[in-house]
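Visitor: I need the structure of the sequence given here:
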Amino acid sequence: MEENQIILELQHISKFFPGVKALDDVNFQLKKGTVHVLCGENGAGKSTLMKIIDGVYKTDKGDIFINGEKVSIIDPMHAKANGIAMIFQELSYVPDLTLEENLCLGSWPKKGARIDWRNIRRRTIDLMEQEGLHYAPDTKLRSLSVSDIQMIEILKAVSYDAKIIIMDEPTSAITDKEVQRLFQKIIITEDAKNLKVDQVVEYMVGRKIENQYPKETVPIGDEILQVEGLTQPGVFEDINFCVKAGEIVGFAGLMGAGRTEIMRALFGLDTYSSGSIKIHGEKVHIKNVRQSIKNGLAMLTEERRRTGIVPILSVKYNTTLASLNKVIYKGFLHTKAEDRIVKEACESMNVKTPGLDATIANLSGGNQQKVVLAKWLICDPEILIADEPTRGIDVGAKREIYELMSKFASKGKGILMISSELPELIGICDRIYVVSEGRITGMLTRPEFSQESIMQLAVSNVQKEKEL
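Guide: Just a heads-up that it's a prediction; the model follows:
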């Protein structure tokens, strides 16, 4: 096969969902030995196109050619047989199965009529060693972090020895079904060396983003949250921080530093052994999520699909999920009140949806995230915990999330924000705490912000351990 030979070609692909034209006459070519980037706003149709190639969706119009031969891909197994593997944006794993079981899902090696577990174990160990990953084959995926699971998902796709590998947001671990907005055909195809970042952003969103991080200056008030000595041995230790009214407080650190674990304990998802939490100066005891909500806390979790939304249910149901007492009382569901509350919340969040009864899984990732945000803001919390709130959404949707967060803070509320994107933290936070090896190693104010200063604090405990 020639190096410049086209191994995959899509001709005049169109796809329709109820009330939505997701793809309209799309043409696409992929050559052997190349990396082709498909970019666009949330809802543009990127994931829909990729899922058509992988056989998850069937095209309504158009043709697919592999190595010049027309094929009809009926399902993902058929795609795999044609040398196609896909890493989904929404993690496709079974949490209570082991690593080796997840790696072999859909392609079980057999010895006669039985599954060849010895071969599976050997294959798993070889793959781990090959990629420099140090996981035991019998580790259940539930015990791994989101980033660990994402690495396993990438490894699983690569291990099939596929000729065409589709990576839908391979560096994120959140869902994004792109069916909400019209795919405006291909805007531009250009060599990467001829493009600048600002140009790509403008092509993606159809407009210039003048201020990517809209930081609003608001009065900073009294402390509304105080955390002192929060400890869970082996996870985090002696955590002290505060949040003032009107503040956006960031938490930075390397993957596995303990940022998410601290926030999960604060929100009542995990336990802590010692320490105190005060809200408006009064000590509170938070042992579960119900208590945290009652005390004015809300949390956008890191894994939106697993812990933020109920994918098979409607936008309406997902929006009122945390405040059912506002629509169910005196033994009845008050549908008029429900419709009014959801409509007002979704309009204030600028949620783009065919209707409030639409299944939330069919919205883009950015719009799903805005529904989750609307769900919590209906509860009127004092403190919003946002764990990676913009992961996996496009720059236009990110800016909308930043604006919504700034608007929330301007009302005298407080925000705790975890992010792995340092420019994001620097752009919108008032103060940043840095976590390393389960401890807070420093706190920076806006005049002190820089990626270098944050990273020095992020690796300080790691360096100390190496020296010891």
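Visitor: how many other residues sit next to the closest residue to Lys283 other than its chain neighbours?
Guide: Among residues not flanking Lys283 along the chain, Ser276 sits closest, at 5.7 Å (CB to CB, 6 or more residues apart in numbering). The C-beta positions use only the backbone N, C-alpha and C, and glycine is treated the same way. When counting by other CB atoms under 10 Å, one arrives at 12 neighbours for Ser276.
Visitor: What separation is there between Ser276 and Val310?
Guide: Look at Ser276 and Val310: by CB to CB, to the nearest Å, they are 34 Å apart.
Visitor: for Val37, same thing?
Guide: 32 Å.
Visitor: Neighbour count: these two, which is higher?
Guide: Val310 (13 against 8).
Visitor: who are the neighbours in contact with that one?
Guide: By CB atoms under 8 Å, 6 or more residues apart in numbering, the residues touching Val310 are 317-318, 321, 360.
Visitor: Show me the shaky parts of the stretch 151-300 of the chain.
Guide: 158-161, 169-184, 186-193, 195-211 (pLDDT under 70).
Visitor: Quick one: the helices in it, in order.
Guide: Assignment of helices within the stretch 151-300 of the chain using DSSP state H, counting those that start in this stretch yields the ranges 197-205, 259-266, 289-294.
Visitor: what ranges do the helices span in the stretch 1-150 of the chain?
Guide: So, for the stretch 1-150 of the chain - with DSSP H, counting those that start in this stretch - the helices run 46-53, 76-81, 99-103, 117-131, 146-159.
Visitor: Pick the most deeply packed of these.
Guide: helix 46-53 (a mean of 24; mean count of other CB atoms under 10 Å).
Visitor: for the record, mean pLDDT for that one?
Guide: The average pLDDT within helix 46-53 is 86.
Visitor: tell me the contacts of the residue lying closest to Leu10 once chain neighbours are set aside?
Guide: In space, and not counting its chain neighbours, Leu10 is closest to Phe28: 4.2 Å by CB to CB, 6+ apart. If a contact means CB under 8 Å, 6+ apart, then Phe28 has 8-10, 13, 38, 49, 186 as its contacts.
Visitor: Also Arg121?
Guide: Going by CB under 8 Å, 6+ apart, the list of residues near Arg121 reads 100, 137.
Visitor: Quickly note the distance from it to Pro109.
Guide: Arg121 is 10 Å from Pro109, by CB to CB.
Visitor: Next: Ile432.
Guide: 48 Å.
Visitor: Just the buried residues out of the contacts of Val310, in ChimeraX syntax.
Guide: To isolate the buried members of the contacts of Val310 in ChimeraX, using 16 or more other CB atoms under 10 Å:
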select :317,318,321,360
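Visitor: isn't Ile383 right up against Cys242?
Guide: No. Applying CB atoms under 8 Å as the test, Ile383 and Cys242 come out as separate, 10.8 Å apart.
Visitor: Looking at those two now, which is surrounded by more residues?
Guide: Ile383 (23 against 17).
Visitor: Leu10 versus that one, what's the distance?
Guide: For Ile383, the distance to Leu10 - CB to CB - is 47 Å.
Visitor: Residue ranges of each domain in the protein, please.
Guide: With domains defined by automatic domain parsing, the chain comprises 6-96+140-205, 227-467.
Visitor: And the contacts of Val310, which two are furthest apart?
Guide: Pairwise distances across those (CB to CB) peak at 10.4 Å, for the pair Leu321 and Ile360.
Visitor: got the contact list for stretch 317-325?
Guide: 293, 298, 309-310, 326-327, 338, 341-342, 345-346, 356, 360, 371-372, 374-376, 378-379.
Visitor: what's the distance between it and the middle of its chain?
Guide: 21 Å (CA atoms, centre = their mean, to the nearest Å).
Visitor: For the remainder of this discussion, apply numbering that starts at 175.
Guide: Sure, I'll start numbering at 175, so the last one becomes stretch 491-499.
Visitor: got the contact list for Asn276?
Guide: Counted by CB under 8 Å, 6+ apart, Asn276 has contacts 267-268, 315, 326, 330.
Visitor: circling back: turn the helices of the stretch 175-324 of the chain into JSON lines, including distance to Ala196.
Guide: Below are the helices of the stretch 175-324 of the chain laid out as JSON lines (distance: least, CB to CB, whole Å):
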{"stretch": "helix 220-227", "distance to Ala196": "5"}
{"stretch": "helix 250-255", "distance to Ala196": "19"}
{"stretch": "helix 273-277", "distance to Ala196": "29"}
{"stretch": "helix 291-305", "distance to Ala196": "34"}
{"stretch": "helix 320-333", "distance to Ala196": "23"}
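Visitor: Phe441: which of those helices is closest?
Guide: The closest of the helices of the stretch 175-324 of the chain to Phe441 is helix 320-333. By CB to CB, the value is 16.6 Å.
Visitor: for the closest one, packing partners?
Guide: strand 258-261, helix 273-277, helix 291-305, strand 338-341 (3 or more CB pairs under 8 Å, 6 or more residues apart in numbering; DSSP states H and E).
Visitor: what do Ile557 and Cys416 both touch?
Guide: Contacts common to Ile557 and Cys416, judged by CB under 8 Å, 6+ apart, are Leu399.
Visitor: Out of the contacts of Asn276, which is nearest to Glu626?
Guide: Nearest member of those to Glu626, counting by CB to CB, is Ile326, at 32.0 Å.
Visitor: so what's the closest one up against?
Guide: 267, 273, 276-277, 309, 315, 318.
Visitor: for these, which one is nearest Leu197?
Guide: Tyr267 (27.4 Å).
Visitor: related to what we said a few turns ago, go through the helices of the stretch 175-324 of the chain and name the closest to Ile567.
Guide: It's helix 220-227; of the helices of the stretch 175-324 of the chain, that one is closest to Ile567 (CB to CB) at 12.0 Å.
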